[in-house]
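Enquirer: got a predicted model here, sequence first, then my questions.
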Amino acid sequence: MSVYAGPAEAVVGDGTTGRSRAASRWRRWRLPLGILGLLCLVALLAALPQPVTSTVPLAPDNPLPAGARAAAQILGEQGVDVHYVRRITDVERLAGPGTTVLLVGDQLIDTEHTDVLRETGADLVLVNASWAVSELTESLGYGNGSGGVETRTAECDDPDAVAAGTITASGSVLAFGSDAVVCFPAPGTSSSTGGAYAVTNVDDQRVAVLADTEPLTNERLADEGNAALVLRTLGRHEVLVWYIPSADDQDPLESGGPGITDVVPPLVSLIGLQLLLVAAAAALWRGRRLGRIVTEQMPVVVRAGETTRGRGRLYRRSGSFGHAAAALRAGATARSCARLGLPRSAPPQVVIDALARASGRSPGQIEALLYGPPPTDDHGLAQLARDLDHLESEVHRS
């Protein structure tokens, strides 16, 4: 007794196989699936942790030569709580008496920002901020630099400058009052003509000025006594507010508290944009292409028999024996399955076994009749139709 193993690649009644149906579904769904996969990839990348470094010059999280992460890390190891901020409102919230505020650059601030710095009562350290120096002090101002980085000696009695001994710098700070101390003059000059570092007191508020950024950078921090001067100047208190103004720094007088963008997570806007893209893609995919559907009364009524005969003539004219055979097999299979109580979606193996039991034929005969190769001529097609008709007549509910 032989055991039927089933067709390797079964052909169903409509002339398709499992592989061809899968390929058709893939062609239909590959564009939506591709768009969905791209959106998922973007969402995944957006959800990844933000980089802990930046490229902002003199930022405490910038590891590049022009950054200042080395100084910030050393200060943190010495117990200084470093707060990196880009808005004056954050400075107003974090700074106060007994703290230090470092201002790096003044191109993006105005008098309202300097008023806030003055009202905090914190020690101020101004770097690369010539306009802010003139606004916050009356005894200091910027002079002409030497044009190149050079080693300079303290030549003053300020404790921080004396501890540093020598630094590398190129800029110059001028003193216009007797209460200001200027250190690190250019070689061959005296402190009266300006120096790279100056310190003064304005209404009990200590203001220190670095003429240029060289001593604070990662590249120059280890040169000469740069580290000693920077760490002593910035580490006088346990809290350091590292303020680098940004282009979107809001007006302190118009700030009425945190807005909606300050309290929601930063990824909300990106996720909302992705949802809009999904909605737009769905609208393009499912939207109407040719306007509203208009119903129209058919000019003539075509009978089902005429439609069947017309399709048969088209198949015969084009020599589509496979399509015609598939239609015949599909009809015979559907009617036989209905007679045996099988669903239309029954797999070929189940259909073959059921028809073999009901008709008394072997599974191999049923497979060849329903799922075999299509005929190649009119005679083969007519013979297939007769064989299918005989099979239907033999099928009885068991």
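Expert: All right, it came through fine.
Enquirer: let me see the contact set for residue 140.
Expert: When contacts are counted by C-beta atoms under 8 Å, 6 or more residues apart in numbering, residue 140 touches 133-134, 173-176, 180, 198, 200, 207, 209. For every residue, glycine as well, the C-beta is placed using N, CA and C.
Enquirer: specify the beta-bridge partners of it.
Expert: Beta-bridge partners for residue 140, by DSSP bridges, are residue 175.
Enquirer: okay, it: pLDDT?
Expert: Reported pLDDT at residue 140 in the predicted model: 84.
Enquirer: could you measure from it over to residue 172?
Expert: The gap separating residue 140 from residue 172 is 11 Å, by C-beta to C-beta, to the nearest Å.
Enquirer: output stretch 59-75 as PDB, nothing but the C-alphas.
Expert: Provided in PDB are the C-alpha atoms of stretch 59-75 (Å, rounded to 0.1, in the frame of the first residue of the first chain):
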ATOM      1  CA  ALA A  59      31.400  74.000  26.700                       C
ATOM      2  CA  PRO A  60      31.900  71.800  29.700                       C
ATOM      3  CA  ASP A  61      30.800  68.700  27.700                       C
ATOM      4  CA  ASN A  62      33.000  69.400  24.700                       C
ATOM      5  CA  PRO A  63      36.000  67.000  24.500                       C
ATOM      6  CA  LEU A  64      37.500  68.700  21.400                       C
ATOM      7  CA  PRO A  65      40.600  70.800  21.700                       C
ATOM      8  CA  ALA A  66      38.400  74.000  21.700                       C
ATOM      9  CA  GLY A  67      36.100  72.600  24.400                       C
ATOM     10  CA  ALA A  68      36.500  72.800  28.200                       C
ATOM     11  CA  ARG A  69      35.400  69.400  29.400                       C
ATOM     12  CA  ALA A  70      38.800  68.700  31.100                       C
ATOM     13  CA  ALA A  71      38.400  71.700  33.400                       C
ATOM     14  CA  ALA A  72      34.700  70.900  34.200                       C
ATOM     15  CA  GLN A  73      35.600  67.300  35.100                       C
ATOM     16  CA  ILE A  74      38.500  68.300  37.400                       C
ATOM     17  CA  LEU A  75      36.200  70.800  39.100                       C
END
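Enquirer: for it, what is the distance to the chain centroid?
Expert: Here stretch 59-75 shows a centroid-to-chain-centroid distance of 26 Å under the convention C-alpha atoms, centre = their mean, to the nearest Å.
Enquirer: any idea how far the residue positioned nearest the centre of the chain is from residue 332?
Expert: Geometric centre of the chain, nearest residue: residue 46, 3.1 Å, by C-alpha atoms, centre = their mean. Applying C-beta to C-beta, the value for residue 46 to residue 332 is 56 Å.
Enquirer: residue 249 now?
Expert: Using C-beta to C-beta, residue 249 is found at 80 Å from residue 332.
Enquirer: and the helices in the chain?
Expert: In the chain, the helices defined using DSSP state H lie at 18-47, 69-77, 88-94, 111-119, 130-136, 159-164, 226-234, 260-263, 267-286, 304-318, 321-340, 348-359, 363-371, 378-394.
Enquirer: nearest to residue 187, of these?
Expert: Nearest to residue 187, of all these, is helix 159-164, at 15.8 Å by C-beta to C-beta.
Enquirer: for the closest one, what is the average pLDDT?
Expert: 91.
Enquirer: residues of that helix that come out buried?
Expert: Across helix 159-164, burial judged by 16 or more other C-beta atoms under 10 Å covers 160-162, 164.
Enquirer: name the helices or strands packed onto it?
Expert: Judged by 3 or more C-beta pairs under 8 Å, 6 or more residues apart in numbering; DSSP states H and E, helix 159-164 is in contact with helix 226-234.
Enquirer: what's the angle from the helix it packs on to helix 69-77?
Expert: Angle of helix 226-234 versus helix 69-77, following axes from the mean of the first three to the mean of the last three C-alpha atoms, to 10 degrees, is 50 degrees.
Enquirer: residues in contact with helix 226-234?
Expert: By C-beta under 8 Å, 6+ apart, the list of residues contacting helix 226-234 from outside reads 71, 74-75, 78, 80, 100, 102, 125, 159-161, 163-165, 167-168, 197, 208, 210, 214-216, 220-221, 240.
Enquirer: rewinding a little: quick one: the residue nearest to the centre of the chain and residue 268 touch, right?
Expert: No: Residue 46 is beyond contact range of residue 268, at 10.6 Å (criterion: C-beta atoms under 8 Å).
Enquirer: domains of this protein?
Expert: 69-249, 305-394 (automatic domain parsing).
Enquirer: okay if I get the ones you listed as TSV plus distance to residue 58?
Expert: Shown next, in TSV, are the domains of the chain (distance: least, C-beta to C-beta, whole Å):
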stretch	distance to residue 58
domain 69-249	5
domain 305-394	70
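Enquirer: winner for burial among these?
Expert: Comparing those by mean neighbour count (mean count of other C-beta atoms under 10 Å), domain 69-249 comes out on top with a mean of 19.
Enquirer: and it, how far apart are its ends?
Expert: 22 Å (C-alpha to C-alpha, to the nearest Å).
Enquirer: quick one, grab the pLDDT at residue 60.
Expert: According to the prediction, residue 60 has pLDDT 91.
Enquirer: hey, least reliable of the helices of the chain by pLDDT?
Expert: Lowest mean pLDDT of the helices of the chain: helix 260-263, a mean of 59.
Enquirer: okay, now the closest residue to residue 31 other than its chain neighbours: neighbour count?
Expert: Spatially, and ignoring its direct neighbours in sequence, residue 31 is nearest to residue 285 (7.9 Å; C-beta to C-beta, 6 or more residues apart in numbering). As a burial measure, residue 285 scores 10 neighbours (other C-beta atoms under 10 Å).
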